[in-house]
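[1] Got a predicted structure plus its sequence, pasted below:
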2 protein chains.
Amino acid sequence: MVVLGVDPGFHFAGFSILKKDQRSVVLLDVGYLSMSPNKSLVERVGIFHAFLDGKIKQWHVTDLAIETPFLGKNAQNFLKLGYLRGILYLLTHTHGLTLHEFSPREIKQSVTGYGGASKDQVARVMLQLFPKLEKPKKEDVTDAMAISLCGLWHKKSLLNP
Amino acid sequence: MVVLGVDPGFHFAGFSILKKDQRSVVLLDVGYLSMSPNKSLVERVGIFHAFLDGKIKQWHVTDLAIETPFLGKNAQNFLKLGYLRGILYLLTHTHGLTLHEFSPREIKQSVTGYGGASKDQVARVMLQLFPKLEKPKKEDVTDAMAISLCGLWHKKSLLNP
């Protein structure tokens, strides 16, 4: 089982790829895709698709984990987030992945034990779990790690309740 | 110039393909994609992508025309519409199309001369312009025709103001 967790965004998109091997969890790849706001939305949608398509093939990803978005103050941003989610759904379909979707609260609860945890608290737990990891520049990265970890644990609990 | 107009939807998605040839406008293809609500969203995103990808290749489409959505009562539907728009953006990128986007008001204004026209009024104008066409079962089809026509006219007015 190889889980890709994605925190999508048109400027920075965090990703994390975890593998479950017997009893251990291995962090295969982690980082973020940065896209210039000078590029058109069409171009960025294309780059986002190509980047994750490459990661899925490279690491033989089997599962995709994402966060359920909430409508914020800006309806246009909410709609644009939908574009990237559409791409994630398409990748799920193209590569026959299993899709896991969690609310932000579920993710924070699973990872820190507290559903109202801050991004910084989530980051600290991730760095404790993966001590070899240097503190990433972007919280999108530790967010994506938490999402992928949730995908992995969720699956586990479904298989061995 | 071959313009694909799309009125996206997870149940019915109207499409229309128009070609501008010298002084005439030819309707190459028109209809709708129907997707069962029993299928998952992931599957439907995949079907929507494959269907339009096929149409673009078949008719050597050069331009894509779509409507700007407005946030309605249901935020989740708005977000889901974003998934399909993401797919349209990806197809624009993959096939190097030119993207045209119009507000519903602009489309109705261009086509009927009145920005507040009903779907039925739009349908009637489309049937007058293309008298060989039988009245489609779905207004999504005549809507898509109006969108593609707008893409065609808009381009024309940009080239020959």
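    Right, received. Where do you want to start? Residues are numbered from 1 along each chain as shown, chains lettered A, B, ... in the order given.
[2] Which of the helices or strands spans the nearest residue to A:Gly72 once chain neighbours are set aside?
    Of all residues not flanking A:Gly72 in the chain, A:Phe78 sits nearest, at 6.3 Å (Cβ to Cβ, 6 or more residues apart in numbering or on different chains). Bear in mind the C-beta positions are built from the backbone N, C-alpha and C, glycine included. Take DSSP states H and E as the rule and A:Phe78 turns out to sit in helix A:75-94.
[3] That helix - contacts with which helices or strands?
    helix A:41-59, strand A:63-67, strand A:98-102, helix B:41-59, helix B:75-94 (3 or more Cβ pairs under 8 Å, 6 or more residues apart in numbering or on different chains; DSSP states H and E).
[4] Quick one, which of the ones you listed gets closest to A:Ala123.
    Checking the helices and strands packed on helix A:75-94 against A:Ala123 by Cβ to Cβ gives strand A:63-67 as the closest, at 15.4 Å.
[5] anything in the closest one near chain B?
    No: contact of strand A:63-67 with chain B is not found when judged by Cβ under 8 Å from any Cβ of the partner chain; the minimum separation is 9.6 Å.
[6] hmm, back to that, which stretch among the helices and strands packed on helix A:75-94 is buried most, on average?
    Highest mean neighbour count of the helices and strands packed on helix A:75-94: strand A:63-67, a mean of 24 (counted as mean count of other Cβ atoms under 10 Å in any protein chain shown).
[7] Looking at the helices and strands packed on helix A:75-94, which is nearest to A:Val6?
    Among the helices and strands packed on helix A:75-94, the nearest to A:Val6 by Cβ to Cβ is strand A:63-67 (5.8 Å).
[8] Relative to the whole chain's centre, how far out is that closest one?
    Distance of strand A:63-67 from its chain centroid, counting by Cα atoms, centre = their mean, to the nearest Å, is 6 Å.
[9] how far off helix A:75-94 does it point, in degrees?
    Angle of strand A:63-67 versus helix A:75-94, following axes from the mean of the first three to the mean of the last three Cα atoms, to 10 degrees, is 170 degrees.
[10] then strand A:63-67 to CSV, C-alphas only?
    The C-alpha trace of strand A:63-67 is given here as CSV (Å, rounded to 0.1, in the frame of the first residue of the first chain):
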residue,chain,number,x,y,z
ASP,A,63,-4.1,5.1,-2.7
LEU,A,64,-4.8,8.8,-2.8
ALA,A,65,-5.8,10.8,0.4
ILE,A,66,-7.3,14.3,0.3
GLU,A,67,-9.0,16.7,2.6
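[11] Parallel or antiparallel, list what pairs with it.
    If you go by DSSP bridges, strand A:63-67 pairs up with strand A:2-7 (parallel), strand A:98-102 (parallel).
[12] I'd like these laid out as a markdown table, including distance to B:Asp63 and mean pLDDT.
    Listed next are the strands paired with strand A:63-67 as a markdown table, based on distance: least, Cβ to Cβ, whole Å; pLDDT from 0 to 100:
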| stretch | distance to B:Asp63 | mean pLDDT |
| --- | --- | --- |
| strand A:2-7 | 31 | 97 |
| strand A:98-102 | 33 | 95 |
